[in-house]
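[1] Pasting the sequence and the predicted model now:
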Amino acid sequence: MTVNLTDEQLVEAAIKENPNAFGEIVKRWERKIFALCFGMLSREEDARDAAQETFISAYRNLANFRGEAKVSSWLHRIAVNQCLTKQRRSKVRAESYLEDESVGNELHFAAPSHQMPSRVTEQNERLKLVRQAVKALPDDLRQVIIMKEFEELTFQEISETLEIPLSTVKSRLYTALKQLRLKMERTPVEVL
Amino acid sequence: MMLKEKEQNLPCKFTESLVSYLYDELPVNERIPFERHLAGCSTCADEITSFGIVRNSIGDWYERDFARLATPMIEIPFAEMTQIAEPTPVLRPWLVIIPEFFTLSPAWMTATTAFAALAICLGLGFVLINSWQEGFGEIVQQDKVKPVPSPTTENNNSGSNVSVTNQNNPPTNQSPTPDLSNENVSNPPLANAPLKPTVKSNLGKSQNQKKPEAGTVENKTNKPAPKSNSKQKMPSLIGDDDDEDGSLRLSDLLDEIGRK
């Protein structure tokens, strides 16, 4: 029944009669919100928490949703705020995680038998470098690059979500890519 | 060499188109001109290539770190959160509300409000000035009224107080302080009575220019204890005088010794 409704109709239903209608919104957006949180926080546990808190916060403030923006934009905005808050709280912890995680991932992603060990090492190094480079980006640039690369949102959708002009989205994306390229060039991957 | 590097670092005017092209969001009518530009611009071509590498790296990161992750089970505790929070009222700043009020309301209401505001301001100003003046007078009197050391000195100095206070503090006659007004309420005729002589004595004393010992002693001796009404006013004035002149106390003591 609720499957055919739009996000806005679901919100209306959740406010008026059927709180469970919000469950449908959760189903529709949980993966994307989780992806955004993961990209922003680079840690699975934190991303899960942030995603959970995003939907709880959205449900609590459902009555404040005025329908001026899309539900998806609204959810993304809440998620970005949740991530920024979480990041501020656990900044030190997140930084120390980068090293641990890189080691963990190397162990977890054991080299497929058909690949050369040197190539696997190179890939791991490159991934570590990307993670660190993305993590080092300023918040506003990171938001844009994650929304584009992880969620595959259009420029227009990013513009609506972050409430910034379309040209700003493009320029931020350009700057983010340029900074990432510079960081990755400065620390070349050692090929064994 | 440096110039070449600078030229290479300068962003091309097609930057926006470059990003849109990279993400395949460039409109068809802009695509062909941009591709033509790309064929001749090494900066843009290099950027497209290097940005492509960056994007691939991020894609790899996504595939290897995120794609494997299961979507978390988001649980909204509907049972616990039975009520959706009421919409929070939008708080608008006063700087917006006040001008809006004056533009929307009719002229008569604007005028009335302005008049009322003016009246309130004036009233407040008047009250503040009054209270300040009263407070100032009180402070002046409190400075002058100091606790009398012993009951004996109080009695002795009672006569001289009148003249001294009026000398030192003529403005108090013009604006009565709360203390004085209280006295006036209790003994209206008596309270007014000493004021006139004091003014006179004030004038007289100002001509003579302080004869503290003689004047005070005279007062004491001449007036053993007749003016019980003015007693209450005396201490403050006497105290002040006493503080200024140490010999007065000595004479008091001598008097007392003599009496005994």
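    Noted; the coordinates are in hand. Quantities reported herein were computed from a predicted structural model and do not represent experimental measurements.
[2] now the stretch 51-200 of chain B, which segments are flagged as low pLDDT?
    Low-confidence segments of the stretch 51-200 of chain B, defined by pLDDT under 70: B:79-93, B:100-105, B:136, B:139-140, B:142-200.
[3] hmm, try it at 90
    B:63-115, B:117, B:126, B:130-200 (pLDDT under 90).
[4] What mean pLDDT does the host helix or strand of residue B:249 get?
    Using DSSP states H and E, residue B:249 maps to helix B:246-259. Mean pLDDT, computed over helix B:246-259, is 74.
[5] now do stretch A:152-164
    So the average pLDDT for stretch A:152-164 ends up being 92.
[6] State the number of residues packed around the closest residue to residue A:179 other than its chain neighbours.
    Spatial nearest neighbour of residue A:179, chain neighbours left out: residue A:137 (6.2 Å); criterion: C-beta to C-beta, 6 or more residues apart in numbering or on different chains. Heads up, the C-betas are built off the backbone N, CA and C, glycines and all. Residue A:137 is flanked by 19 other residues according to other C-beta atoms under 10 Å in any protein chain shown.
[7] And for the one 5 residues further on?
    Residue A:142 is surrounded by 22 other residues when neighbours are defined as other C-beta under 10 Å.
[8] Check the contact between it and residue A:40; I expect there is one.
    Yes - contact criterion C-beta atoms under 8 Å: residue A:142 and residue A:40 qualify, at 6.4 Å.
[9] Against which helices or strands is whatever helix or strand residue B:54 lives in packed?
    Residue B:54 belongs to helix B:42-61 when elements are defined using DSSP H and E. Packing partners of helix B:42-61 (3 or more C-beta pairs under 8 Å, 6 or more residues apart in numbering or on different chains; DSSP states H and E): helix A:117-136, helix A:139-149, helix A:166-186, helix B:15-22, helix B:28-40.
[10] tell me which parts of the stretch 1-150 of chain B are close to chain A?
    Counting by C-beta under 8 Å from any C-beta of the partner chain, the stretch 1-150 of chain B comes close to chain A at B:11, B:15-16, B:18-20, B:22-23, B:25, B:47, B:50-51, B:53-55, B:57-62, B:64-66, B:69, B:71-72, B:74-78, B:81, B:84-88.
[11] same thing but 6 Å
    B:15-16, B:19, B:25, B:50-51, B:54, B:57-58, B:61-62, B:64, B:66, B:71-72, B:74, B:76, B:78, B:84-85, B:87 (C-beta under 6 Å from any C-beta of the partner chain).
[12] List only buried entries from the residues you listed.
    Buried residues within the residues of the stretch 1-150 of chain B next to chain A, counting neighbours by 16 or more other C-beta atoms under 10 Å in any protein chain shown: B:15-16, B:19, B:50-51, B:54, B:57-58, B:61-62, B:66, B:72, B:74, B:76, B:84.
[13] If anything else comes up later, I'll come back, but that's it for now.
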